[in-house]
Every structure is written in C-alpha cells, then in structure tokens.
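pasted the sequence and its predicted model underneath.
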Amino acid sequence: MSGLLTIRDLSAFIERRPPRESRIRKSLSENVAGYIFLVPWLLGILFFVGGPALVSLYLSFTNFNLLSAPKWIGLQNYIQMFTLDPQYIASLGVTFTYVLFAVPLSLAGALVLATVLNRDIKGIGLYRAIYYVPSLLGGSVAIAILWRQIFGSSGLVSKAYEFFGLPPTSWISTPSHALWTLIILHVWQFGSPMIIFLAGLKQIPRELYEAAAVDGAPRWRQFVSITLPLLTPIIFFNLVLQMIYAFQAFTPAFVVSSGTGGPANSTLFYTLYLYQQGFANFRMGYASAMGWILLVIIGIFAAIAFSTSRYWVYYGNDRD
Amino acid sequence: MSDSFNNEMTQKVRGDLGRRGFLFGSLAIGTTALLAGCSPSGNVVTPSAGASGFAPTGNADLAISWWGATDRDTKTRALLELYSKKNPGVKFTPTSGALTGYQQKMVTEFSAGAGKDVFQVADARPFASTGQFLDFDPYIQAKAINLTGANQSTLDAMKYKGKQYTLPWGLAAGVMFYDKKVFNDLGVPLPKPAWTWDDYRQTAKAITEASPKGFYGSADIWAPTGTQAWAPFQSFLLSRAIQPYTDGGQLNFSSNELKEWFTFWDDMRKAGYVTPAQITAEETSFPTSPIVTGKAAIYPINSSIASSLQGLCKNPLGMTTEPTGWKSTTYLKGTQFGQYVNASMQIGANAKTKYPNWVVNFIDFALNDPDANKITLMSRGVPLSPAVTELIRPLILPIEVDMSSVIAFIQANAVPNVVTMPVADGQLATLFQQAHQAIAFEKSTIDVATSSFLSQAKTALTGS
C-alpha cells in the first residue's frame, strides 16, 4: 500500500487537513457530551482499578501484613517466589495444566455444540437457552459443591465405577484426578463461547456451502474448508478470552478443596495460592508480587496468541 | 461418672508424675469435686458490673461476630438477647457464619479500620502484634472482668508478650473422639486419658483387624477439618520436654523428631490402622469426617465441637485425651504429659471500640453470668470459670460431661507451654498438613518431606 502512495496524494492530504489546534478543538466540542457521560466510568477506572493497581505494584516490593505499615524489601518477594517456594512452583504447574487442557477442550466443545445448534429447527431458541444455562451457573459456589458431590466417594462417578465392577474412586480426593474434575467443570461452561461461535457461524455466507455441495463436498469437508477458516477470527477471540479467564480461575478450586488446594496441592491454582498468601498468611506484599507475575504471564500468552495469529487467523480478502 | 473418672486418673497420675505433679493434680481435681458438692448458685461468680472506674454508661450499639454451626449460632443470639434485656441501652449488630474465611474477613475489616467491637477469634497473634486488640489487663485488675478460679496457665497461654488481649471463650484441647458402640461391639477396651501412642496403635490395630474391610481403627492425624497434625505434633514435642519454638521465634526441634513422627503415621497407614490418604482427603467438613461416615472408630479433633459432632453421629461418642509419649517405650516416647489446654475460640475486643466499658461488661457477662451460661452451655467448650462449669453440668450432654472431665484432667497434668508462638504459626500448620499429605499420597519420601518442611518453615518464620 505504501508503495502506491505518491507525493501528490500526500500533499493533497496535508492541504485538506485543518490546522492541528482547530482539529483538537473540533473533536473536543464534538465529543464533549460523550466524555461527560463517560466520567463515572473514567473515575471508576482511575480510582478502583488504576490506583489500586499502582499501589499493589508498590506493595509487591514490601513486606506488608495488612495491619501494620508496609516495609520496603526490594525484590525479595520476587526472588523468594522462584527460589524458595515449592508451593508457588506447584501452583504454576497446576495452573498451566489447567489452561492447557481446559481452554482447548471447552472451545472444541463450544464449537461442536454451536454447529449443532446452528440450524433451523423448531424450538431452537429454547435449546440454545438451555445449553447456555451452565455458563450462568458454572462459576457459582452451589455448582462447585454439587461437583464435589458428583465426584466424591459416594457420588455419581464413584457409583458408576462400582457399576462396572471397578473399585469406587473419589476423584476429588485423588491427587491425579482432582484437577480433572475442575477441567471438566470448565469445559461444561461452554455457553458464552458457544453463543459467540453461533454468531460467527451466522456470518458465513450460505452460498459457499451451496457451491461446495454442488461440487460434491461432504459435510466434514465443508466444515474443514469453509467453516473453520472463516471462523478463525472468532476462534482467536474466544481463545484469548477463555485463556485469560482460565488463568484467573478461583471459585471452583476454593470450594472443591475448601480453600486448601488439596489433596497434595493438586488443585492449588495460582489465584488460590495468591489468596492464601495474602489473606491466610497475611503476606499481602508477596501476594501483590504474585499478582504482577500473573499479569506478566497472561501478557506473554496473549502476545504469543496475537503474534501467531497472522499465520492462522483469516480475515477475508482485505489483506490480499 | 466424673468421680470414678477422677479417681482412676488420680491413680495413674500418682504413679507417673511424682509428688509435686500429684499435689497440683489432686488440688485441681479436688477443687472441682468440692464445687460439685456445693449448691451451684452459692458458688457461681456473679458478673462484676460497675467495677470501679469501668462502669458502662449510656447507650451502645455493639458490632459482634462469631463463627459456628446452627446450634452455637442460636445460643449466641439468645445470649445477646438476654444481655440487651438486662441492659436495655445496648443493641447488637451480629454477624455470624462459617469458620472458612472468617479470619480473612476479620483482617480485611481491621485493615480498613472497620473491625467489630467484640468478636470470637481463633488466632489473635496477627492482631495483638499490631495493636489492634484491647488490652484487658487493666479491666482484669479492676475486676471488671472476673477471672476467679480460672486456670492461670491457660490464661498465660493466651497472652501475647505478657498481655491479655483475648480470653478463652470456652476451654478446649486436641482430643480423640471415639465411637462407643464400635468399641463395645468389638469388645475393644475404651481408651483412657493417660493412654500412650503404643496404646493408641494397639487399639487402632485391634479395631481394624476385627472389622470388615474398609473400616479403620482411626482417622489419620492430618484429618483436614480436625485438629490437624501440627498441634498434636507440638504435644509430642512437649512430652519430650522440647518447646516447639525458641524464645526468638525459631524452630526448636530437629529433623529427627519430625522423621519419627512422620514414620509413625506412615507405618499406621501402611498397616491399615488409620484411614488411607484418599479417605482422609475426602473430608471437607465434619459431616464428611470418617467417624460420621462410618469409616473409622477414632477421630482426632478439637474437643470444642463435641455437641456438634455428637449431633452428626448415630452412635454415642466418647472422648479422651490425645495419646502422649508419657510411659511409652516404643513409639513417640516422651517423659512427661505433653498436652495443655487451649481455646480454639477466644473472645477479644477492638482497641478502637467506642464502648470499651460495655464491651468488657459483656465479656464478663458471657464468661460468668449464670443465666447467660445456662443458655450457651458448652457450645464453645468448657467455661473458663470452674464454678460456671459445675452450675451447668446437670444441663449438658454426656459427651460434654466427658469433655469437661478431659479438660480438667489436662489442666491438672499440663506442662505449661512457655513460649509465645510466632505469628507465622498458622502458616506452619498449613505447611505441616501439606508435608503429611505429600507422604500419605506418596508424592514424597519422609526424608524429602522433612527437609522441605524445615526449609519452608524457616522461610516463613524469618519472612514474616
């Protein structure tokens, strides 16, 4: 594009532009009403997000027990985290495993269901609503308690084991299984990515499928060659969103393990350990440092997703 | 029941504690017996409202919080109602709920300058060390809080750097509950308060061997909602005359004691005398504990939950002390009785309360008033005042009668825990639970778990 821009175009563009000052004034006078309406939110961000975030950055370099003044200790919290704290390393492992499995599985589940629900049959609205319900409930304490029951020693899963002649097993209290109950819980909450996928599916022109059908392409071929490529922007959006969400998972692990992250640290999520350090051990400085490292980790993963997106996300013909 | 219990224990104590210990013990037991024989109302200490200089005046609105199940909740609300009836100027704003998250909420409230006026509290050190709690000493000296008859070493154990910031709102100790029916059906003798770790092992073995598969002699010591392993381990250290901490707040024991402890439990688990890791980890609250779900006959936990636990069990429960190394020749041996009375539920007040005199008056009322204690009974453990304990004895459950006998026994034999626990003690309890779990689930060997615990504990103790 830059190669096509001639000097004449550029000078014409500059001539058309009004002087800078009047431009700013104009844009201000045009948007002043909008800014006034935004004031409550801007103040909210400033005082309830920006301010606390800055304070927590400062606290991350201190020893702060909430009840007495913070003491500056430099990088000690950060150093301790990576050199002297096996629980911290364990919590990283648990969280990465969770994100690695829960996010792709929940996206795949959501996509399959969206495809199934993307057709014109009677009462489809009701089906969509029903499948959306787990998303509304999933983060709640009640569901986490229900989950503990289902996967506990006298729960449904254990009974199913017995039915098939296997020894009854409590997933919740077996370290190798406990995290999986939480991954399944996450996958079960496919509602919101499903709705977004549905919206994406509706955008794909019917003609493409019709043309493919005329050419004799079977359903799976249509899915792979039409649906998937045209849906990649939506997949990308859902991926980034779900990943950030999964890194911050807290409630299910807290309820299922009664806040301990057990058995044997198998459900010690990053945020759960952060909470333990801050509010159970009164180490708010350490917890703040953990929060900032989490921000960096999420930032790195988001950056990886964005930087690789140009190789696999297809935005139509506008780039050709 | 308590008399025969006392006599039997007196014999045991006489044999093992030497003259001085016996005198101390018989004095305490004798006092209890004396009070039991008198008419209760004559001996009960009446609340000391209007003590010199601290008489409450005017109206007050007191914010109060506690945790506990329905039973304690109902009784506490009735207690507040009674106080408001006797003191019409005083209103309460109560907040109650579960223990999970309670301390966390409290810290957050205090850090925001919005702490309650008066509250139940489990771990006072983080607050006391930062000057958040009202110092009761002047009120105690002026008798605005009457502590007549209260066990001094128990009060001392509550102190932070020599000052009384909290008082026991019910005396408790780590104990072992047992299912009487299982013991009787299997013909296994009931455990007695002076039992040793060998006795414990033999008892658990006898029950496991006589029971169908899947039933165990005892729940494991790291029962997640139980006493948890850290407190019993400290008792084991004390039985060897080792204080858990140095005066400077550092660990005062070596990896040897730790390994001995872990090995004992590992052997018990491998032999099938205590519940396997999976069953132990299944416990998320009392209703899922192995003694309630019918998977074990003995359950280690704090005595204060006696009535709640009995309420959850079909079979009658009994209670005895934790075993102690005392007399032991094989396992976890020690030379003295290792336990002491604590209070898992203490009562404290906000240093910044607008109504210190009312708060103190209410605390005195809750600890000493006969009518108040006839309402609350033993919902928080054994009352601090021995006279009050005797007064309510006819009104309590059999398991609570056991509880008061066990507490009296421990008080009579306790070795005082002289060192102030560091603020990070709670953190160490968590690390200790994790070490137990790692071994139980075979995630680490005893050696690895021991060195990992020691290094993390050191970090925690120096870091906070």
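Perfect, I can see it now.

who in chain A is up against chain B?
Those residues of chain A that sit near chain B, judged by C-beta under 8 Å from any C-beta of the partner chain, are A:63, A:65-68, A:80, A:84-87, A:148, A:152-153, A:169-170, A:172-175, A:257-260, A:262-265, A:276, A:279-283, A:286. Quick note: C-beta positions are derived from backbone N, CA and C, even for glycine.

give me the subset of those residues lying in helices.
Using DSSP state H, the members of the residues of chain A next to chain B that fall within helices are A:80, A:86-87, A:148, A:175, A:286.

closest residue of the stretch 101-250 of chain A to chain B?
A:Ser173 (3.6 Å; C-beta to the nearest C-beta).

how close does that residue sit to A:Ser153?
Shown here: A:Ser173 relative to A:Ser153, a distance of 7 Å by C-beta to C-beta, to the nearest Å.

between those two, what contacts are shared?
B:278-279, B:282 (C-beta atoms under 8 Å, 6 or more residues apart in numbering or on different chains).

of the ones in helices among the residues of chain A next to chain B, which one scores lowest on pLDDT?
Within these, pLDDT reaches its minimum at A:Arg148, with 84.

three-state assignment of B:Phe177?
The assignment at B:Phe177 comes out as strand when based on DSSP: H, G, I helix; E, B strand; the rest coil.

so what's the nearest residue in space to it that is not next to it in sequence up against?
Here the nearest residue to B:Phe177 in space, its sequence neighbours aside, is B:Tyr299; by C-beta to C-beta, 6 or more residues apart in numbering or on different chains that works out to 4.7 Å. Residues in contact with B:Tyr299, defined by C-beta under 8 Å, 6+ apart, are B:176-178, B:218-219, B:223, B:226, B:289-291, B:309.

hmm, which of those residues is lowest in pLDDT?
Looking at pLDDT alone, the contacts of B:Tyr299 dip lowest at B:Gly226, where the score is 69.

picking that back up, tell me which element the residue nearest to B:Phe177 is part of?
In this structure, B:Tyr299 is located in strand B:296-302 according to DSSP states H and E.

direction included, what does that strand pair against?
In the sheet, strand B:296-302 lines up against strand B:174-179 (antiparallel), strand B:216-218 (parallel) (DSSP bridges).

for that strand, buried residues please.
In terms of neighbour count (16 or more other C-beta atoms under 10 Å in any protein chain shown), strand B:296-302 has its buried residues at B:296-302.

on that earlier part again, got JSON lines for the strands paired with strand B:296-302, with distance to A:Gly291 too?
Output for those, formatted as JSON lines (distance: least, C-beta to C-beta, whole Å):
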{"stretch": "strand B:174-179", "distance to A:Gly291": "36"}
{"stretch": "strand B:216-218", "distance to A:Gly291": "42"}
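
got any ranges where the stretch 351-464 of chain B has weak pLDDT?
Within the stretch 351-464 of chain B, the segments meeting pLDDT under 70 span B:416-418, B:463-464.

and with 90 instead?
Along the stretch 351-464 of chain B, the model assigns pLDDT under 90 to residues B:411-427, B:459, B:462-464.

near chain A, which residues of it are found?
Proximity of the stretch 351-464 of chain B to chain A is assessed by C-beta under 8 Å from any C-beta, with B:423-424, B:426-427, B:430, B:433-434, B:437-438, B:440-441, B:443, B:452, B:455-456, B:459-460, B:463-464 identified as the residues in range.

now, which of these lie within helices?
When helices are assigned by DSSP H, the members of those inside them are B:426-427, B:430, B:433-434, B:437-438, B:440, B:452, B:455-456, B:459-460, B:463.

which of those count as buried?
With neighbours counted by 16+ other C-beta under 10 Å, these contain buried members at B:426-427, B:430, B:433-434, B:437-438, B:440, B:452, B:456, B:459-460, B:463.

re the thing from before, could you work out the most separated pair of the buried residues of strand B:296-302?
Pairwise distances across the buried residues of strand B:296-302 peak at 18.6 Å for B:Ala297 and B:Asn302 (criterion: C-beta to C-beta).

hang on, the earlier thing: let me have the buried ones among the ones in helices among the residues of the stretch 351-464 of chain B next to chain A in TSV, extended by distance to B:Ile407.
TSV is the format used below for those (distance: C-beta to C-beta, whole Å):
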residue	distance to B:Ile407
B:Gly426	23
B:Gln427	28
B:Thr430	27
B:Gln433	25
B:Gln434	30
B:Gln437	30
B:Ala438	34
B:Ala440	30
B:Ser452	36
B:Gln456	33
B:Thr459	36
B:Ala460	31
B:Gly463	36
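
kindly report the domain assignment for the chain.
Chain wasn't specified; assuming chain A. For chain A, whose domains are defined here by automatic domain parsing, the residue ranges read A:2-50, A:78-312.

switch to chain B, that's the one I care about
Chain B resolves into domains spanning B:41-170+B:342-413, B:174-339+B:424-463 when parsed by automatic domain parsing.

closest to A:Thr181 out of those domains?
Shortest distance between A:Thr181 and the domains of chain B, using C-beta to C-beta, is found for domain B:174-339+B:424-463: 12.9 Å.

gap between that closest one and the chain center?
Domain B:174-339+B:424-463 has its average C-alpha position 15 Å from the chain's average C-alpha position, going by C-alpha atoms, centre = their mean, to the nearest Å.

how about the strands in the chain?
Let's take chain A. Chain-ordered strands for chain A, with DSSP state E as the definition, fall at A:62-63, A:71-72.

wrong one, chain B
Listed in chain order, the strands of chain B (DSSP E) span residues B:60-67, B:90-97, B:118-121, B:166-168, B:174-179, B:216-218, B:296-302, B:317-321, B:346-349.

quick one: the strands of chain A as TSV, columns for mean neighbour count and mean pLDDT too.
As requested, the strands of chain A are arranged in TSV below (neighbours: other C-beta atoms under 10 Å in any protein chain shown; pLDDT from 0 to 100):
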stretch	mean neighbour count	mean pLDDT
strand A:62-63	18	94
strand A:71-72	11	94
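
turn those into a markdown table, columns for distance to B:Pro189.
As requested, the strands of chain A are arranged in a markdown table below (distance: least, C-beta to C-beta, whole Å):
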| stretch | distance to B:Pro189 |
| --- | --- |
| strand A:62-63 | 53 |
| strand A:71-72 | 56 |
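
quick one: low-confidence residue ranges for the stretch 151-300 of chain A.
Residue ranges of the stretch 151-300 of chain A with pLDDT under 90: A:151-174, A:188-192, A:203, A:206, A:219, A:251-264, A:279-282.
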